[in-house]
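J.: Dropping a prediction and its sequence here:
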Amino acid sequence: MKKLSIIDKFIYFINTLLALALLVSYLLPYISPEKFPFLAILSLFVPALIIINSLFVLYWLIKLKKQLLLSTLILAVGWSFNSSLIQFSGKELSNKKGLSIMSYNVRMFNRWKWIDNDSIGKNIINFVKSKDADIVLFQEYYILEKEKLDYEYKYIKTQKKDNKTGLAIYSKYPIINKGSLNLENTSNNIIFIDIVKEKDTVRIYNFHLQSLQLNTNEENFGQENSEKLIARLKESFKIQAEQTKVFLEHEKAWKGKKIVAGDFNNTSYSWIYNQIANDKKDTFLEAGKGFGKTFNYWFPLRIDFILTDRNTSVNSYQSFQKQQNSDHFPILTNISF
């Protein structure tokens, strides 16, 4: 440190703090938010921590300083952990016999005019039609009167009987069973259908876990709102943990093929994801490319997922980040059993 300038010493101090924060984050998949909800908040910032530590490595490398070893070693320790952030190769295999699945949080088709555009609902429906997925899962769904999807089979579960908001699954294949986990004390939920494709019966779960209520139009992490935000996030993560346990118990009863998808409202660095994704393939990690960002925020947040059985082949994966019709981006995958 003797050869460092005062400015570089300060930069290295910040580097040390953020490198240690990244190191601690490697433990997050194994720590339940019910026990340490404050630590769970860190899972949202892991993508930013990885990027910042990579920039520190570049900074010290340019200056030819041994201080680059700190972030380099910590990034190396969590290499498999960090690979969830970005994929370089991707995969695009055409398979007409495969099953294509889209998941899309449509934010009630802009029902409350978050976006100043009266064509949002029509835009979303037209986009979904253009992709022609076999299965479409909607979160924050709202029953539209004009725009319709031409699917023979569907399951729509609203929050209440007289309500138009909830979750929906559209299918080209016959639905032989359907149900809802009816999560308590929340407007969020998990629903499922069982479809028949050729000789296979496949269960498909549609997730919308407890919302974090991150506002894409405001600086949530500003000083003015920080205390309320932290308190809300802590409570949300605890509720998510409870909801995850409900799902895990329900999942045990199903021994056949399955797909688990939707809006987890949490990242792949969290305990929530680690529990749900156990013994499953993440289609982004198998066939995605780039950051796979699914939430329109100021740093890469991937909180929407499509997970499949271990013995499934993932042929392709896409995240449509040019679709600015919701605060989420639609994701689409093609799989073969």
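T.: Ah, there it is. Numbering: from 1, shown residues only.
J.: In space, what's closest to residue 148 - neighbours in sequence excluded?
T.: Excluding the flanking residues, the one nearest residue 148 by C-beta to C-beta, 6 or more residues apart in numbering is residue 125, at 7.5 Å. No exception for glycine: its C-beta is placed from N, CA and C like everyone else's.
J.: ok, residues contacting the helix or strand harbouring the one you found?
T.: In the assignment (DSSP states H and E), residue 125 maps to helix 120-131. With contact meaning C-beta atoms under 8 Å, 6 or more residues apart in numbering, helix 120-131 is reached by 100, 102, 104, 106, 109-110, 117, 136, 144, 146-150, 320, 323, 325-326, 330, 332.
J.: Using CSV, write out every CA atom in that helix.
T.: Extracted in CSV, the C-alpha atoms of helix 120-131 (Å, rounded to 0.1, in the frame of the first residue of the first chain):
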residue,chain,number,x,y,z
ILE,A,120,-49.8,-1.7,-24.6
GLY,A,121,-52.4,-4.5,-24.3
LYS,A,122,-52.6,-4.9,-28.0
ASN,A,123,-48.8,-4.8,-28.4
ILE,A,124,-48.4,-7.6,-25.9
ILE,A,125,-51.0,-9.8,-27.4
ASN,A,126,-49.6,-9.3,-30.9
PHE,A,127,-46.1,-10.1,-29.7
VAL,A,128,-47.2,-13.3,-28.0
LYS,A,129,-49.1,-14.3,-31.1
SER,A,130,-46.0,-13.7,-33.2
LYS,A,131,-44.0,-16.2,-31.1
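J.: Going by neighbour count, which residues of that helix are buried?
T.: Neighbour-count burial for helix 120-131 flags 120-121, 123-125, 128 (criterion: 16 or more other C-beta atoms under 10 Å).
J.: Closest one of these to residue 200?
T.: In terms of C-beta to C-beta, no member of the buried residues of helix 120-131 lies closer to residue 200 than residue 128, at 23.9 Å.
J.: just to revisit the earlier point, got TSV for the buried residues of helix 120-131, with distance to residue 174 and pLDDT too?
T.: Shown next, in TSV, are the buried residues of helix 120-131 (distance: C-beta to C-beta, whole Å; pLDDT from 0 to 100):
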residue	distance to residue 174	pLDDT
120	31	93
121	28	92
123	30	95
124	26	96
125	23	95
128	20	97
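J.: Most widely separated two among the residues you listed?
T.: Of all pairs drawn from these, the one with the longest distance (C-beta to C-beta) is 120 and 128, at 12.7 Å.
J.: Break the protein down into its structural domains.
T.: Domain assignment for the chain by automatic domain parsing gives 6-82, 99-336.
J.: Looking at the ones you listed, which is nearest to residue 91?
T.: For residue 91, the closest of the domains of the chain is domain 99-336, at 3.7 Å, according to C-beta to C-beta.
J.: pretty sure residue 68 is touching residue 60, no?
T.: Yes. Look at residue 68 against residue 60 with C-beta atoms under 8 Å: they come within range, at 3.5 Å.
J.: Would you mind telling me which of these two has the busier surroundings?
T.: Using other C-beta atoms under 10 Å, the more surrounded residue of residue 68 and residue 60 is residue 60, with 21 against 18.
J.: That'll do, ta.
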